[in-house]
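Chemist: Provided below are the primary sequence and the corresponding predicted coordinates.
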Amino acid sequence: MLRKMALALLLLFIAVGAVMPALAQETIELEAWVAFSDHRYDWAVDTAERFNALYDNINVNMVSVVDYDTIVNNYTLGREDGNYPEIVQLFDAALQFAVDTGWFSFAEEIIAGRDEVLGQAVDFDDIIPVISNYYTVDGVWASVAWNTSTPIMYYNVDMLQAAGIEELPTTWADILDACVALQPMVDDGTISACASWPFSGWFIEQWLAQQNEYMVNNENGRAARATEFNLDTDAYRAIAQFYRDMYSNGYFIFEGQDQWGPTTQNFISGKVAIHMSSSAAARAISEGAAETGFALDTTGMVYNDDAPSGWVGNILGGATMWISNGLSPEAEEAAMAFLLFFSNTENSASWHTASGYVPVRNSSIDLLRNLEPGNEILWDIPSGARVDIEADDWYAAFPNFLTASTQLGNSTVNNATRGSTYGTFQQSRPYYNGLVEEYMLNGGDLDAMIAETNATLTELLQEYNFLFADE
Amino acid sequence: MDEIAYSVNPVVVGLVGGLVGALYFAFLRWQTQVGSLNASLLVGAVCGVAGAMLLTAPLGYCMFGADQKNDDLIVGWIMVALGLLLTLNLGSMLLWRFFRGQRLLPRGDTTPGAFRGRFGALYAAAVLSPTILVLVYFVYLPMFDTLRLSTFLARFGAPRTRFICVSNFSRMLSDLDYHSNLFLSFALSFGIIIITMSLALLIAAMLNQPIKGANIYRTFLIWPYAISPIVAGSIFGLLLGTESGIVNRVLDLVFGVKVPWLVTIPAAQISVVLASVWNVIGFNILFYTAGLQTIPKDLLESASIDGASAWQRFARITFPLLSPFTFFLIVTNTIYAFFDTFGLIFVLTRGGPTESTFTAMYRVYVTGILASDIGKSTAQSLILFLIVVGITIFQFRVGQRRVQYGNY
Amino acid sequence: MTESASSRFVFDPSANQSRPLWRRLIPQRWYAHLILTISVIIITFPMFYALLISTQSNPEVYNHKFTPGSMFFENLRTVMVQRNMGRFMLNSFVIAISIAVGKTIMSVLAGLGLVYFRYPGKWIVFGFVLITLIMPGDVLLIALYRRVVSFDGWPHPYVALTLPLLASATGVFIFRQHFMTMPPDLSEAAQLDGASPLQFLFRVLIPLSWNTIGALMVIMFLFGWNQFLWPLILLRDQHLQVVQWGMQSLSQNLEVGDNFGPMMMGVIITSLPPMIIFLILQRQFMKGFALTRDK
């Protein structure tokens, strides 16, 4: 009887799944892990298929791994048992981790000064400098930029005009002035408050860079490995104070940390006049504004005009494609060729129209300004399908898409705007964001709070360095 | 042996353990008046020494090293106390069985109807082995693999780890944030359990009435149970946003008020409790309805004929007879509230505002899975595990006394 | 339904002979209907709101439209065709059924071993099983992954996925308690007939346990259906992924904003299979089962 039971169990399992047939193939099989699973994944699959059609002996297979954190975790586990992809999309916060583990071949070293790889042209100079500089490690271009975004402001122009504001706010002071002007509309119940945006650590990083300030020492970890946190700065205090001013005067609707959906909703449904979000949300917000029926306009992310530096520039956000090391030379070549194709002028422009992420090449912007009739690069975002838009200047149809490219294009490249790189990025974000949250909601002794958080974060960073740094 | 500098010599630790053991056994001897005093003292001392060493020796008494902080010493003494708790209880149990002339191990309990025959134990081993093997290989071994890391500074993907003795634990001792996380876990769990179970019992009692449409009511009522905690968080996020949520939209239209559900201090905690209650109440209703079916109708009828009111019937008959179900639900709800709500919290509040919904398990999740700081997170999860084991043992103790094992 | 009729006569206070007319007009047990109706309204409100959103476009959600929106079929198409939810649901169904059946079989066997034999240290074995209920599984996933992949003879990834989940502390607990309520005469009689323990299990215990088995299957199916982190780590072929993976991909909003309609469409659709399983097995469940009666 026992044997029968065991047999039944076994049969059950065999019935559960047919054994996958192992196909013997001559071609170079490349697997690429991406964090997207929606229309952005569809675009990546489509682009990989177009690439595969160009080469008889290369087959790139796009695999969706749901989110950024899972990619890092699964890749790390895969490294232990040899089950990892040739190409992987890593988000900005994992930059130091990618460098420290030594698991990746740097793009510039694979290319080794050539003009083209398997027929795919190399053109570094075309890439927007602040983007290429983020992923430059020790002077070497490490990974291939893909989805790139930057925060921009979204304004309900109808409301601003009703409050008598003619110029769009560009600084913190402008925002506070606008909020004062909008207050009568809040008081009579026309709107709920002046502004609402996601309370995200990403914005704090941006505002530090704008004020030419570093998050961590050794010039944001760019001059040498970061060893200490650098929160005890006027720039960071100014950010906390700005939020405090916004919140305590009732100008800012706080919906919790990293609540992107609710705050976008507040703006689109006409409850607030001012919103800040990723440039990648431009399409969704434009459509929402049109549906609700108000005039939308965008500017670059507002900055602190009291800072001695003025506006220096913004950091990019997003993720890039890395090539695993230890591949066969053929596979490495094929992977490099694919990523060059993936980020060439046409595909970068196409990606922009499909997703709203910033095109990483200047030539892509030019291309979108002077479209040939019958081109095949434009995508419709909601349906995830290619479309023909009757315009020869895409930016004329979607002017708000240019705001982000302008902001990144105008950014001065230095070690503040290149962004910080250190190992505990993901772990630290909730701390420096939470501190500002606490001060915004409850006030308190900012100096003491900063001293405590700075010490905690420095300790975490040093623990990381102890485990990862060569010594 | 190498000369290692200790702030408390291991010999002293062992002696303290032996002394405590001898005293405790002497006390037991005095209390029970059974067995020989000398044997009690001797076995007590041995158990005491063993208890003091049980958890400290495997780590080489590192927590008593001269270079350790004060908090590490305290953790060391707590480990001695935990070890003593184990060995003294076990030792006294065995010794007094011996004193009373009983077998050291009970010869199986006297389950009526057990199969006789010489190979009973083998047969039992055979039918238990699938479960035991799976548990050993896929639960216990990974558990030990993981716990080993709790004495290390370790990060996922790092080329090396560093043994740091009990620092991960002593860190928690002085970490006020962690204390409030733990307290919050208790408070939220208490709220979730009380509200869920009282509502579920009320609803199940109504479902148990001979009314039309009970099936339809029941099906609707357990619907939310089919939703995973993380998705429940997404739905409540849509409901409870201050400006964006539909609940405030309705409240605003009807009463002209907006409740900041997720961003002010008691409201966010209440929201998390309510969302959890919503998620888990179907399970409770299910079990209580099943339980109510087992209550013999004739018992209630005769009580009714004797003039007991509906409330008296409930309080004297129904509720006591439901106690096995109540007990089972308390245990499973405790586990849900402590361990399974982190996904919901992640989506709904991110532990905010100002860490007011940051539970201990949420910290384990954030530290271990999001930040890959696995040494600390396994130490935190070990503490959480010990706490829930403690709660469960307490519940079993109370349960043994309160649960009605009637014979009808 | 004679039984309920008789109990209605005995229990209902309003059934006393001299009822005034106004009380006869009110439905019997109106209070039960009232409480249940209120409970259903409150408890299902989030689900029906999700259902409403599943028909709407983003701007319709943003503007709090209370009427069904224009996007029902569009959202349905997005979920089932574009995001392939049908495939994930099929995968999860296979996994959840395997887990439910496997857990039930193993729990029944373990319950047999814990009740119908005499051997020393039985409570240690029971404690050994029961304590796993408290172990935070999500913390162990990485170590579990390493254990699982260190063996590479798995016939199919789903075997590697489900086997570690097949032991169930809850199931063992429930069957142990259930078997303890069985009259001892049953096994005495079976032994007199010379039946082996397994024959006793199949011929006597299981036919008497369908209620408990049905109830447990509902819980275990849901456990399998809601698996997310473990398949996420273990399965490297996304076509093998599970329904919660599909849900996660629907609610994905890396910077670009939510897609509420498809997401809530996913919530509604993926909540249906567990409900269907429950409806199939609810007769068993509602017949009730005893949880404990010691000695």
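Modeler: Looks like it arrived, so ask away. Numbering: from 1, shown residues only, chains lettered A, B, ... in the order given.
Chemist: mind listing the strands for chain B?
Modeler: Taking DSSP state E to define them, one finds strands in chain B at B:152-153, B:162-163.
Chemist: With C:Ile174 as the reference, name the closest of those strands.
Modeler: Comparing those by their distance to C:Ile174 (CB to CB), the top pick is strand B:152-153, with 38.2 Å. For glycine as for every other residue, the C-beta is placed from the backbone atoms N, C-alpha and C.
Chemist: Per-residue pLDDT of the closest residue to chain C within the stretch 51-200 of chain A, please?
Modeler: Nearest to chain C, among the residues of the stretch 51-200 of chain A, is A:Asp81, at 4.8 Å (CB to the nearest CB). pLDDT for A:Asp81: 85.
Chemist: show me the contacts for A:Pro359.
Modeler: Contacts here follow CB atoms under 8 Å, 6 or more residues apart in numbering or on different chains; on that basis A:Pro359 touches A:348-349, A:351-352, A:365, A:368, A:405.
Chemist: Now the residue of the stretch 51-200 of chain A closest to chain C. Nearest residue, chain neighbours left out?
Modeler: Spatial nearest neighbour of A:Asp81, chain neighbours left out: C:Val149 (4.8 Å); criterion: CB to CB, 6 or more residues apart in numbering or on different chains.
Chemist: Hmm, A:Arg79 and the one you found touching each other?
Modeler: No: with contact defined as CB atoms under 8 Å, C:Val149 does not reach A:Arg79; the gap is 11.9 Å.
Chemist: what's around the residue of the stretch 51-200 of chain A closest to chain C, how many residues?
Modeler: Residues near A:Asp81, counting by other CB atoms under 10 Å in any protein chain shown, number 13.
Chemist: if we look at chain C, which of the contacts of A:Pro359 are close to it?
Modeler: With CB under 8 Å from any CB of the partner chain as the criterion, no member of the contacts of A:Pro359 is in contact with chain C.
Chemist: and these as a markdown table, adding neighbour count and pLDDT?
Modeler: Formatted as a markdown table, these follow (neighbours: other CB atoms under 10 Å in any protein chain shown; pLDDT from 0 to 100):
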| residue | neighbour count | pLDDT |
| --- | --- | --- |
| A:Ser348 | 27 | 91 |
| A:Ala349 | 24 | 89 |
| A:Trp351 | 26 | 89 |
| A:His352 | 28 | 88 |
| A:Ile365 | 22 | 90 |
| A:Leu368 | 29 | 87 |
| A:Ser405 | 22 | 89 |
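Chemist: Residue ranges in the stretch 251-400 of chain B under the pLDDT threshold?
Modeler: When residues are selected by pLDDT under 70, those of the stretch 251-400 of chain B lie in B:400.
Chemist: Flag every residue of it that's near chain A.
Modeler: For the stretch 251-400 of chain B, the contact set with chain A under CB under 8 Å from any CB comprises B:262-263, B:349-355, B:366-367, B:369-373.
Chemist: on that earlier part again, could you measure from the residue of the stretch 51-200 of chain A closest to chain C over to C:Phe151?
Modeler: Applying CB to CB, to the nearest Å, the value for A:Asp81 to C:Phe151 is 11 Å.
Chemist: how deep is residue 226 tucked in, by neighbour count?
Modeler: In the absence of a named chain, this looks at chain A. The number of residues packed near A:Ala226 is 27, by other CB under 10 Å.
Chemist: hm, I was asking about chain C
Modeler: C:Asn226 has 22 neighbours, counted by other CB under 10 Å.
Chemist: so what's it closest to, chain neighbours aside?
Modeler: B:Ser228 (4.3 Å).
Chemist: which ones are touching the residue lying closest to B:Pro10 once chain neighbours are set aside?
Modeler: Leaving aside its chain neighbours, B:Pro10 sits nearest to B:Tyr61 (4.4 Å; criterion: CB to CB, 6+ apart). When contacts are counted by CB under 8 Å, 6+ apart, B:Tyr61 is found next to B:6, B:10, B:13, B:76.
Chemist: out of those, which is most surrounded?
Modeler: Of all those, B:Gly76 has the most neighbours under the rule other CB under 10 Å, reaching 27 neighbours.
Chemist: related to what we said a few turns ago, pull the most distant pair out of the residues of the stretch 251-400 of chain B next to chain A.
Modeler: B:Val263 and B:Ser372 (28.8 Å).
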